[in-house]
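In: mind looking at a prediction? Sequence and model below.
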Amino acid sequence: MEELIHDIIEHLRAIPGERPLSPAELDRIMRRHSRELPGSQRFSKRSLLPACIRIEEERPELWASWQVDTALKARLHASLQMKPRRTASGVATITVITRPWPCSSNCLYCPADLRMPKSYLCHEPACQRAEQNFFDPYLQVALRLKALEQMGHATDKVELIVLGGTWSDYPKAYQLWFVCELFRALNEWPAPEEALRRRYQRYRNLGYMNSDAALERFVAPEQERVWQGEETYNTAWQKLYGTKEAQLSWMSATEGELHAVQKANEHAAHRMVGLVIETRPDTITPEALHSFRALGCTKVQIGIQSTRQDILDINRRATTTEEIARAMLLIRLFGFKIHTHLMVNLEGSTPQEDIEDFRAFVEDPLFLPDEIKLYPCALVAGTALVKEYEEGRWRPYTEEELLHVLVADTLATPPYVRISRMIRDISADDIMAGNKKTNLRQMVEQKIISAGEAGLVHDIRFREIAGREVDLSTLSLDDVAYETLGTEEHFLQWVTPDGHIAGFLRLSLPKWKRLKEGILGTDAAALPTGPGEAMIREVHVYGQAAHLGRTDAAAQHQGLGRALVKRAEEIAHDAGYEWLNVVSAVGTREYYRMLGFDDAGLYQRISVE
């Protein structure tokens, strides 16, 4: 391994310019060294970066003899990095899953895997990791940080995505404990191995299992009854887990403990720069959003699925379009980013109606999300949809129909919306009927490109610069203004001459006169801000995740974020607002203080008079 890494360094040294090795170049070097190994052994790219880091840390004399300066080291790490797309948005994203818990809804298409929170399946990658770690938030974060660092990713800026059923259905004490442990895991990383072993042992001592075979046997009898429709997920959950609840009474925390770990994270080496919580529209209230904000939440994921009441009713989605509109209004007024789920191919819909539904979602002032997970409905064993399929009331779209819908939706996406995903990580083995192709998004984009329509795509994800370097002198600042029911929105974006996006800011200017009239039943007095106050809901600069406090080569740390905030201040001032709030994450509070913002309860704010 040492000879291989030294050879890679020498090849890098011989390359003119500042580029890293291409995958093909690295593969040739690895194959040449693998031929010298006995038998069928072969070097793995996954093992190279960890080995390189170990040599630097544990054999400093050898590392010094190779004369690797800072620039060469950066090129070496870039050459060895696994899956660079994971941090191309500027932060390291970690998904964690809450433990199984009863759900207050029972949608037609929703999986009921008793090993998981409702709507999730045990073979999804994040769910597998959660189960192996006993759904412990600390262990999930610690093990994911380790994996990301071994793949060569910067992990000092982390966005935590909390998934699993409906967050608002969990007890308040569990919510506090779960988020406390997320912060604690970041604050204490790298965690001592002994501390991790003690955590695992605590669960084993209580009789909890984390092996696939043992868990499958544990839920099997009740799972079969759920699949046959003989009992509900909630009833089966009570039988399997209800009697064990007392064993987990230690899963609680106080607000004081939360504040302590948050304060520590403001200056930690691994800071939480985003916290995402998942819930349903009918659970959104001012009280719930106050709680989310106190936890440090910056983005809310909500399952919309459709804007049509008839489709929601057919699919037993226990919500109304008015509740959806009110939820999106409140989330926006509280300053959160709005990450929505929308499904095509639901029972009762058609391809053309799905296209019209998506267009309404991104054009009607009642809705207008910031981000969308656009999923095709798939048939999963044990769901109520199986009967509808067997009796001919639902069928999956053909591949041609599905691509037609998704292409039309992508072309209809405004420049302030990001389509984050087009599939769920459901295993093909779990899908009885429906799309099983994991490269669905690539298929959609290829169809658009082949038709010569790439220039018509405004979706943020399609346009983001990812890890590319940017010539700052060529960027222009574009202001995309649009109206929602309760706000005037400004999407400020740094764009390249060819339309790619290097950074953006979301500014909300609340229509306080209308809000005082109680639109959609909203009580203006229950809102966290008042007349004369505007809100920055998101600031994001793209580029490979840059390290805190360092000027890396990508777009981050080049002053783009500061310029976006300055422009937002000017717009708010010109519109007659006196104060500008920002929904800062715990780990970005120092950044906004540096820009002149003061701490002000749930937010940070600056005077723009």
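Out: Looks like it came in fine.
In: from what I see, A325 and G521 are in contact.
Out: No. Taking CB atoms under 8 Å as the contact criterion, A325 and G521 are not neighbours in contact, 10.3 Å apart. (Glycine included, C-beta is placed from N, CA and C.)
In: more crowded one of the two?
Out: A325 (21 against 8; other CB atoms under 10 Å).
In: where's that one, which helix or strand?
Out: In this structure, A325 sits in helix 321-333 according to DSSP states H and E.
In: N106 in helix, strand or coil?
Out: coil (DSSP: H, G, I helix; E, B strand; the rest coil).
In: can you count the residues close to it?
Out: Neighbouring residues of N106 were enumerated by other CB under 10 Å; the total is 16.
In: same check on L289?
Out: Taking other CB under 10 Å as the neighbour definition, L289 ends up with a count of 24.
In: find the nearest non-adjacent residue to it, please.
Out: The shortest distance from L289 to any residue other than its chain neighbours is 4.4 Å, reached at F334 (CB to CB, 6 or more residues apart in numbering).
In: tell me who's in contact with that neighbour.
Out: Neighbour list for F334: P286, L289, H290, F292, R293, L527, P528, V583 [criterion: CB atoms under 8 Å, 6 or more residues apart in numbering].
In: look up how far A585 lies from the residue nearest to the last one when sequence neighbours are not counted.
Out: In other words, V583. With CB to CB, 6+ apart as the measure, G335 is the residue that lies nearest to V583, at 3.8 Å, once sequence neighbours are left out. Between G335 and A585 the distance is 12 Å, computed by CB to CB, to the nearest Å.
In: CA atoms only for stretch 416-423 - export them in CSV, please.
Out: Backbone C-alpha positions of stretch 416-423 (Å, rounded to 0.1, in the frame of the first residue of the first chain) are rendered in CSV as follows:
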residue,chain,number,x,y,z
TYR,A,416,-36.2,28.9,-7.5
VAL,A,417,-37.2,25.2,-7.1
ARG,A,418,-34.9,22.2,-6.7
ILE,A,419,-36.0,18.7,-7.6
SER,A,420,-33.9,16.9,-5.1
ARG,A,421,-34.9,13.3,-6.0
MET,A,422,-37.0,11.3,-8.5
ILE,A,423,-36.9,8.0,-6.8
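In: now that stretch: mean pLDDT?
Out: The predicted model gives stretch 416-423 an average pLDDT of 95.
In: just how off-centre is that stretch within its chain?
Out: Taking the mean C-alpha point of stretch 416-423 and that of its whole chain, the gap between them comes to 11 Å (CA atoms, centre = their mean, to the nearest Å).
In: ok, and what's touching it?
Out: 339, 362, 369-376, 406, 409-410, 413, 435, 437-438, 440-441, 444, 458-462, 480, 482, 489, 491, 504, 506.
In: picking that back up, let me see the contact set for the residue nearest to V583.
Out: Contacts were defined as CB under 8 Å, 6+ apart; by that measure G335 touches R293, S508, P528, M535, I536, R537, N581, V582, V583, Y603.
In: what residue ranges in this structure score low on pLDDT?
Out: Judged against pLDDT under 70, the low-scoring parts of the chain cover residues 17-18, 34-46, 57, 81-90, 467, 543-558.
In: and the strands in the stretch 501-609 of the chain?
Out: In the stretch 501-609 of the chain, strands defined by DSSP state E, counting those that start in this stretch lie at 501-510, 533-541, 579-582, 598-600, 603-607, listed in chain order.
In: what of the stretch 351-500 of the chain?
Out: Shown for the stretch 351-500 of the chain, the strands assigned by DSSP E, counting those that start in this stretch span residues 371-376, 379-380, 418-421, 431-433, 476-483, 487-495.
In: JSON lines please, covering those and showing mean neighbour count and distance to E224.
Out: Compiled in JSON lines, those are given as follows (neighbours: other CB atoms under 10 Å; distance: least, CB to CB, whole Å):
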{"stretch": "strand 371-376", "mean neighbour count": "22", "distance to E224": "27"}
{"stretch": "strand 379-380", "mean neighbour count": "21", "distance to E224": "15"}
{"stretch": "strand 418-421", "mean neighbour count": "20", "distance to E224": "31"}
{"stretch": "strand 431-433", "mean neighbour count": "16", "distance to E224": "16"}
{"stretch": "strand 476-483", "mean neighbour count": "13", "distance to E224": "50"}
{"stretch": "strand 487-495", "mean neighbour count": "21", "distance to E224": "49"}
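In: looking at those strands, spot the one closest to P171.
Out: Closest approach to P171 among the strands of the stretch 351-500 of the chain (CB to CB): strand 371-376, 26.8 Å.
In: parallel or antiparallel, list what pairs with that closest one.
Out: When sheet partners are counted by DSSP bridges, strand 371-376 sits next to strand 337-344 (parallel), strand 418-421 (parallel).
In: hmm, back to that, which of the contacts of F334 lies closest to R13?
Out: Nearest to R13 among those, counting by CB to CB, is V583 at 45.8 Å.
In: now that that closest one has come up, it's in contact with R537, right?
Out: Yes. Here V583 lies in contact with R537, judged by CB under 8 Å, at a distance of 5.7 Å.
In: tell me, what's touching the two both at once?
Out: Counting by CB under 8 Å, 6+ apart, the common neighbours of V583 and R537 are G335, F336, K337.
In: and the closest residue to the second one other than its chain neighbours, how far from Q262?
Out: Sequence neighbours aside, V300 is the residue nearest to F336 in space, at 4.7 Å (criterion: CB to CB, 6+ apart). Distance of V300 to Q262, computed by CB to CB: 19 Å.
In: next: I304.
Out: Distance check for I304 against Q262: by CB to CB, it reads 30 Å.
In: quick one: which of those two has more around it?
Out: In this view I304 and Q262 are compared by other CB under 10 Å, and I304 has more residues nearby, 25 against 21.
In: count the neighbours of the residue nearest to the more buried one when sequence neighbours are not counted for me.
Out: In this structure, I304 finds its nearest non-sequential neighbour in T340, 4.7 Å apart by CB to CB, 6+ apart. Other residues near T340 number 26, with proximity taken as other CB under 10 Å.
In: need the helices for the stretch 301-450 of the chain, in chain order.
Out: For the stretch 301-450 of the chain, the helices defined by DSSP state H, counting those that start in this stretch occupy 309-314, 321-333, 351-363, 385-390, 399-412, 440-450.
In: before we move on, what about the stretch 451-600 of the chain?
Out: For the stretch 451-600 of the chain, the helices defined by DSSP H, counting those that start in this stretch occupy 460-463, 512-516, 560-574, 589-594.
In: return the most buried member of the ones you listed.
Out: Of all those, helix 460-463 has the most neighbours on average by mean count of other CB atoms under 10 Å, namely a mean of 20.
In: what comes into contact with it?
Out: Counting by CB under 8 Å, 6+ apart, helix 460-463 makes contact with 410, 415-420, 445, 457, 495, 499-501, 504, all of which sit outside it.
In: closest one of those to L114?
Out: S420 (28.2 Å).
In: what is the burial count for V68?
Out: V68: 19 surrounding residues under other CB under 10 Å.
In: what's the closest non-adjacent residue to it?
Out: With CB to CB, 6+ apart as the criterion, V68 has its nearest non-adjacent residue at 6.2 Å, and that residue is I9.
In: contacts only, for the one you found.
Out: I9 makes contact with W66, V68, L72, L76, according to CB under 8 Å, 6+ apart.
In: and it, how far from I372?
Out: 44 Å.
In: secondary structure element holding the residue nearest to V68?
Out: If you go by DSSP H and E, I9 is part of helix 2-14.
In: could I get that helix in CSV with only the CA atoms?
Out: What follows is helix 2-14 as a C-alpha-only set of coordinates in CSV (Å, rounded to 0.1, in the frame of the first residue of the first chain):
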residue,chain,number,x,y,z
GLU,A,2,2.8,2.4,0.8
GLU,A,3,4.4,1.9,-2.6
LEU,A,4,1.1,2.4,-4.3
ILE,A,5,0.4,5.7,-2.6
HIS,A,6,3.9,6.9,-3.2
ASP,A,7,3.5,6.0,-6.9
ILE,A,8,0.2,8.0,-7.0
ILE,A,9,2.0,11.0,-5.5
GLU,A,10,4.8,10.8,-8.1
HIS,A,11,2.3,10.6,-10.9
LEU,A,12,0.5,13.7,-9.6
ARG,A,13,3.8,15.5,-9.3
ALA,A,14,4.5,14.8,-13.0
